[in-house]
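>>> Model the structure of this input:
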Amino acid sequence: MAGGMSERNAAVGHPPEPAAALPQQALSGGTIRIAARGVQLLLGIGTGMLLARLLTPAEFGLFAMVGSLTAFVGSFRDWGLPAAVSHQHKLDDGQMDALFWINLRLNLLVALFMALMAPLLAWFYGEARLTAITLVMTLGMFAIGLSVQHESLLTRQMRWGLLTLIETSALFVSSALALGLALAGMSYWALVGQFMANLLLKSSILWLASPWRPRRRSDTTPGMSVGSILAYSRNVTVFRVLTHIGRNLDRVVVGFSGGPAAMGLYDRSYQWSTFPVTNIYGPLLGVAVASLSRVQHDAVRYRDLARRALLPIFATCLPALAFMAVEAANVVALLLGAQWLAAVPLFRVLCIAAFVGCTSTVTKALYLSAGSTARQLRWGLIAAPLTIAAVLVGSIWGVYGVALGYSAATIGLAYPSVRYCLYGSHLRPCTSGGFSGGPLPQRCSPLRHYAALATVCRASYRCCLNCWSLLRCSRPSTHLALYGCPAIVRSCTNSCKMHLLAQG
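Model (predicted):
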């Protein structure tokens, strides 16, 4: 019995790692995730480029119509339990068992909700084909929900290599399946097959990779109360719901008013405009939250880890987004093909929004690691209605108006969201030694924040333009190694430091 309990304790992740080792663990985990993400990015970009040439915008639009529902459901599917488990300093077996059975009940309710929504979704968009698509995708959402606890435990144990291998394997198999189905003429079912294969395979491997298994409810020991965990996760979930409503309403409005073709153009523009942030910041979010949570009571270590985590994200995402916004026509032609050129204006506007909004996206890691989910929720109650109002006003002028409205809300809320997040935290804005580790001015203003963003945009675009010119010369690899890379790194680092100094 003692041996079994010891094995379960090891699976849960006792004891937490000493704080002294966390910078090295965070750096190692971030390095693993970034290195593997390079492979995943190449695979994702290649698959996306091929599918865009094999399928039509209308077929992408049908999948995106259901995607809006799955994104909304995904915001409360796991009730924020993965983030709550990673944040907890101590966690016992009874708590983990109780959380699993709570999560199972939630997943059953979610699956039932999606099944009931299938005919309503088809009626709302006037597309009977959406009923079958929604019912099939419901199975994938339920399957991935069963592995929530296993993934959160592996994250808590900082087993980044294993998690990355699982994600990459699932992505490779699902991408191959999607291309095969598209070549076979399966239309939008190629996208559905990719979605299903990714979730089913990932859930199955997580169960095999994690040694933890839930006990039957009758065998579960009381353990410590899960009330504090559920309170944390409740705030996270409500904030996610509000955020997803604000961020997905634009696509719902476009699909309702413009049909599948307009929905496909807008959705692909949105997905590719957020591609750098989603695929670079997203995988590092778990590393950041798990690492920062362990030192949440040590202000000096917290600031140091936050600076190390966020600077590389800005240095990578901002130059890419600046280049994509300016060279939108060439980027769309390269990534999607000639049949998607109508999406260029949408893509450019959404890239600008993603560039400015990148600064507020990173606040999620700060809220979760500090346990300030109630404060995060309060901001969501402010930001979501403003975003919804901007989208609805913009819809008066059609699809492009929706993009403008969403972008205006994102840009306008960027500075207030960062200011609100940092106020009263370890990363106090505009105080001596604050976030960047150097002296800061006593007062900051929104004008300074956006001026810094303009400086970053200019430096980032020049950096990417120089890189593009070097790649087109007679000996690109030699010139890039000798002249391009040092200039790019120096430009990105300096511009991002200026930006962080502005926001504190």
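
>>> Do a quick rundown of the helices in the stretch 151-300 of the chain.
160-183, 189-209, 227-273, 275-294, 299-326 (DSSP state H, counting those that start in this stretch).

>>> So which of those is nearest Thr131?
Thr131 sits nearest to helix 189-209 of all the helices of the stretch 151-300 of the chain, at 12.7 Å, using Cβ to Cβ. Yep, even glycine has a C-beta here, placed from its N, CA and C like the rest.

>>> now the helices of the stretch 151-300 of the chain as TSV including mean pLDDT and distance to Pro385?
Formatted as TSV, these follow (pLDDT from 0 to 100; distance: least, Cβ to Cβ, whole Å):
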stretch	mean pLDDT	distance to Pro385
helix 160-183	90	34
helix 189-209	92	30
helix 227-273	83	8
helix 275-294	74	23
helix 299-326	81	26
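
>>> out of the ones you listed, nearest to Tyr406?
Among the helices of the stretch 151-300 of the chain, the nearest to Tyr406 by Cβ to Cβ is helix 227-273 (4.6 Å).

>>> Check which helices and strands the closest one sits against.
Packing partners of helix 227-273 (3 or more Cβ pairs under 8 Å, 6 or more residues apart in numbering; DSSP states H and E): helix 57-74, helix 81-87, helix 93-125, helix 299-326, helix 328-335, helix 344-361, helix 373-394, helix 398-422.

>>> Tell me which residues of the fifth one come out buried.
Which is helix 328-335. Buried residues in helix 328-335, defined by neighbour count with 16 or more other Cβ atoms under 10 Å: 328, 331-332, 335.

>>> With respect to Ile396, which of these is nearest?
Ala328 (24.0 Å).

>>> Would you confirm that the closest one contacts Arg348?
Yes. Shown here, Ala328 and Arg348 form a contact pair, counting by Cβ atoms under 8 Å, at 3.9 Å.

>>> where does Ser372 fall, phi/psi-wise?
Main-chain dihedrals, Ser372, degrees, to the nearest 10: phi -90, psi 50.

>>> next one: Ala184
phi -80, psi 0.

>>> separation between the nearest residue to Leu321 once chain neighbours are set aside and Val295?
Leaving aside its chain neighbours, Leu321 sits nearest to Phe355 (4.1 Å; criterion: Cβ to Cβ, 6 or more residues apart in numbering). From Phe355 across to Val295, the span is 30 Å (Cβ to Cβ, to the nearest Å).

>>> for Glu59, same thing?
Going from Glu59 to Val295 by Cβ to Cβ gives 48 Å.

>>> Please apply the same query to Arg213.
Using Cβ to Cβ, Arg213 is found at 31 Å from Val295.

>>> And these two? Which one has more around it.
Neighbours were tallied for Arg213 and for Val295 using other Cβ atoms under 10 Å; the higher tally belongs to Val295 (22 against 12).

>>> Packed most tightly, which of the helices and strands packed on helix 227-273 would that be?
helix 81-87 (a mean of 25; mean count of other Cβ atoms under 10 Å).

>>> same question for it, mean pLDDT?
What helix 81-87 shows for mean pLDDT is 60.

>>> Could you do stretch 100-119 as well?
86.

>>> Likewise for stretch 390-397?
Mean per-residue pLDDT for stretch 390-397: 92.

>>> and if you look at stretch 353-373?
On average, stretch 353-373 scores 80.

>>> distance between the ends of it?
For stretch 353-373, the first-to-last residue distance is 25 Å (Cα to Cα, to the nearest Å).

>>> buried ones in stretch 45-60?
In terms of neighbour count (16+ other Cβ under 10 Å), stretch 45-60 has its buried residues at 47-48, 50-52, 54-60.

>>> and if you look at stretch 134-149?
For stretch 134-149, a neighbour-count test (16+ other Cβ under 10 Å) marks 134, 136-138, 140-149 as buried.

>>> contacting residues around Ile280?
Residues counted as contacts of Ile280 (Cβ atoms under 8 Å, 6 or more residues apart in numbering) are 34, 37, 313, 316-317.

>>> Can you add distance to Ala343 and give these back as JSON lines?
As requested, those are exported to JSON lines (distance: Cβ to Cβ, whole Å):
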{"residue": "Ile34", "distance to Ala343": "29"}
{"residue": "Arg37", "distance to Ala343": "25"}
{"residue": "Ile313", "distance to Ala343": "26"}
{"residue": "Thr316", "distance to Ala343": "24"}
{"residue": "Cys317", "distance to Ala343": "21"}
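
>>> about what we covered before: could you redo the helices and strands packed on helix 227-273 as a markdown table and give each row distance to Gly161?
Formatted as a markdown table, those follow (distance: least, Cβ to Cβ, whole Å):
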| stretch | distance to Gly161 |
| --- | --- |
| helix 57-74 | 25 |
| helix 81-87 | 17 |
| helix 93-125 | 23 |
| helix 299-326 | 18 |
| helix 328-335 | 30 |
| helix 344-361 | 25 |
| helix 373-394 | 29 |
| helix 398-422 | 31 |
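
>>> Would you tell me which of these gets closest to Ala182?
helix 57-74 (9.2 Å).

>>> quick check: mean pLDDT across the closest one?
Averaged over helix 57-74, pLDDT sits at 89.

>>> now it and helix 227-273, what's the angle there?
Computed by axes from the mean of the first three to the mean of the last three Cα atoms, to 10 degrees, the angle separating helix 57-74 from helix 227-273 equals 170 degrees.

>>> Residues contacting helix 57-74, please?
Contact partners of helix 57-74, identified using Cβ under 8 Å, 6+ apart, comprise 52, 110, 113-114, 117, 121, 125, 127, 129-130, 133-134, 137, 141, 187-188, 191-192, 195, 241, 244-245, 248, 251-252, 255, 259-265, 267-268, 339-340, 343.

>>> about what we covered before: okay if I get the helices of the stretch 151-300 of the chain as JSON lines plus distance to Phe100?
Shown next, in JSON lines, are these (distance: least, Cβ to Cβ, whole Å):
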{"stretch": "helix 160-183", "distance to Phe100": "19"}
{"stretch": "helix 189-209", "distance to Phe100": "12"}
{"stretch": "helix 227-273", "distance to Phe100": "12"}
{"stretch": "helix 275-294", "distance to Phe100": "19"}
{"stretch": "helix 299-326", "distance to Phe100": "30"}
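
>>> so which of those gets nearest Arg105?
Closest to Arg105 of those, according to Cβ to Cβ: helix 227-273, at 12.7 Å.
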